[in-house]
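Q: have a look at this prediction, sequence included:
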Amino acid sequence: MSQAVSQQIESRFRESFGNSAVLYERAVGLFPNGVTHDSRFLKPFPIYVDHASGSRKTDRDGNELIDYWMGHGALLLGHSHPAVVEAARDQVGRSTHPGACHELELEWGERVQRMVPSAERIRFTNSGTEATLMALRVARIVTGRTKVLKFAGHFHGWHDQLIPAASPPHDDDGYGMPGITEGVFGDLVIVPPNDLEAAAAAIQEHQPACVIHEGNGSRWGVVPVRAEFLQGLRQVTAEADTILILDEVITGFRVHQGGFQSVCEIVPDMTTMAKVLAGGLPGGCLAGRADLLDALAFGNSLGKKMKHPGTFNANPLSAAAGCAALDVVATGEPSRVANQQAAKLRQGLNGVFAEKGIPWVAYGDFSAIKLIPGYDGPAPDGDDWVPYEGDYRRLDVKFDDALGHAFRCALLLAGVDWMGWAGSTSSAHSDEDIEATLSGFSVAIDLLAADGLIPPA
Ligand SMILES: Cc1ncc(COP(=O)(O)O)c(C=O)c1O
């Protein structure tokens, strides 16, 4: 690839997104890499969004983009859903922080209880990361054990105890991670995803305080999980008297109004939720068995209480947006529509890739669309097909970085904002959006080919 050729996408990108370039110049003096979230980093610079509505967002140059970030998965209803906007607007003038209990936290918690039957008790947090952190501490307090079993590739937020092994490479050198102590690694048991035998053996050997599983598999289903595995894991953990935590931060309310646990018909001991829970505002929660969440109560029968302050826990603004969003989600319609639109897109994309003659493939479950560039396995076979027969060492790999940046820029030039190599739909994505996205991919692929980044069609 010659440098001059590969710069075509970049020069067009600089032309179309000039105001973002100017803002980014300020950002690099403020934030490491100029960004406030790793995945928003983009070369030559990220886009700056001005406003958003439904399936679309508009950047500071007036470019309207079909959005597949959907608030990092939080916006199942699309941007600025009228019911959510109205609820938040109403609440902001009443109180954004009463420094006291308030009725909206009850309303919010009751909705979670109604929709997720395993939620006997709930404690609100500010994020999914906080929720999984809380889940581990509760499990340790209740069981008096220290180890935690997690699955390779599963993401549970960025805190020390679960960030190891959250992403590839899954090689034999272990999962060293800067800043994480050996002590933390020593408490962690990492097992290949979807391997029930390995999980059962590790539980016997290590007697962990808990097993934590990411909803439908590694980072929103990069390595998809089927119901049978989770049912098996439920059985194995119950037999070993080990706490099962299902991390539904992304799947909760998104794949189904009752979460992935409703789809799989299992009852985890504890569940972590965030994203859709708070209707697009910050918020998370730990929910689960009353006897376990009792670890958070004063004067509990354990004689040991977990401390849990947090200035913004159950913040009324998040509660108002969350209640409004959950009322719509409870109908089941948003998940159904988002899942259906994603299936159309997966199928359409595989058609575009075949037509262009490039070895790319789209797959995924529910409202997730995952892409593999340079795929060399058997052809797609139906919508619940899993590439490489689910081999996580082939599925969950890091793709070419330079291609990734150029691909995102090319798609932005074609009017589509895609989240790296994956996207999520919402109930606001129309058939027209799907059609426009397929055309956008076609344009982006041609741009990549013209730049010599993929072979010409
Ligand atoms: C499954 C899962 N768990 C935990 C988290 C962390 O949540 P947050 O970003 O709200 O801290 C995420 C975020 O993407 C997630 O997808």
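A: Thanks, I have it.

Q: kindly tell me how buried the residue of the chain found nearest the ligand is, as a neighbour count.
A: Residue nearest to the ligand within the chain (C-beta to the nearest ligand atom): residue 128, separated by 2.3 Å. (C-beta placed from N, C-alpha, C; glycine too.) Around residue 128 there are 29 other residues, counting by other C-beta atoms under 10 Å.

Q: quick one: contacts for it?
A: Counting by C-beta atoms under 8 Å, 6 or more residues apart in numbering, residue 128 makes contact with 156, 157, 247, 249, 250, 272, 273, 274, 275, 284.

Q: and for residue 168?
A: 153, 396, 397, 398.

Q: give me the three-state assignment for it.
A: coil (DSSP: H, G, I helix; E, B strand; the rest coil).

Q: ditto for the one 5 residues further on
A: For residue 173, the reduced secondary structure class is coil; criterion used: three-state DSSP.

Q: again, but for residue 298
A: When classified by three-state DSSP, residue 298 comes out as coil.

Q: counting by contacts, list what the helix or strand bottoming out on mean pLDDT in the chain packs against.
A: Lowest by mean pLDDT, DSSP states H and E among the helices and strands of the chain is helix 3-16, with a mean of 82. Other helices and strands packing on helix 3-16, by 3 or more C-beta pairs under 8 Å, 6 or more residues apart in numbering; DSSP states H and E, are helix 401-413, helix 431-450.

Q: try 10 Å
A: helix 18-27, helix 401-413, helix 431-450 (3 or more C-beta pairs under 10 Å, 6 or more residues apart in numbering; DSSP states H and E).

Q: what are the C-alpha coordinates of the second one, in CSV please?
A: Just to be clear, that refers to helix 401-413. Taking Å, rounded to 0.1, in the frame of the first residue of the first chain, the C-alpha atoms of helix 401-413 are listed here in CSV:
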residue,chain,number,x,y,z
ASP,A,401,-5.6,-1.3,13.1
ALA,A,402,-4.9,0.9,10.0
LEU,A,403,-7.7,-0.8,8.1
GLY,A,404,-10.0,-0.3,11.1
HIS,A,405,-9.4,3.5,11.1
ALA,A,406,-9.7,3.8,7.4
PHE,A,407,-12.9,1.7,7.3
ARG,A,408,-14.6,3.9,9.9
CYS,A,409,-13.6,7.1,8.1
ALA,A,410,-14.8,5.7,4.8
LEU,A,411,-18.1,4.8,6.3
LEU,A,412,-18.5,8.2,7.9
LEU,A,413,-17.9,9.7,4.4
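
Q: so what's the residue count around the closest residue to residue 96 other than its chain neighbours?
A: Excluding its sequence neighbours, the residue lying closest to residue 96 (C-beta to C-beta, 6 or more residues apart in numbering) is residue 317, at 5.2 Å. Residue 317: 23 surrounding residues under other C-beta under 10 Å.
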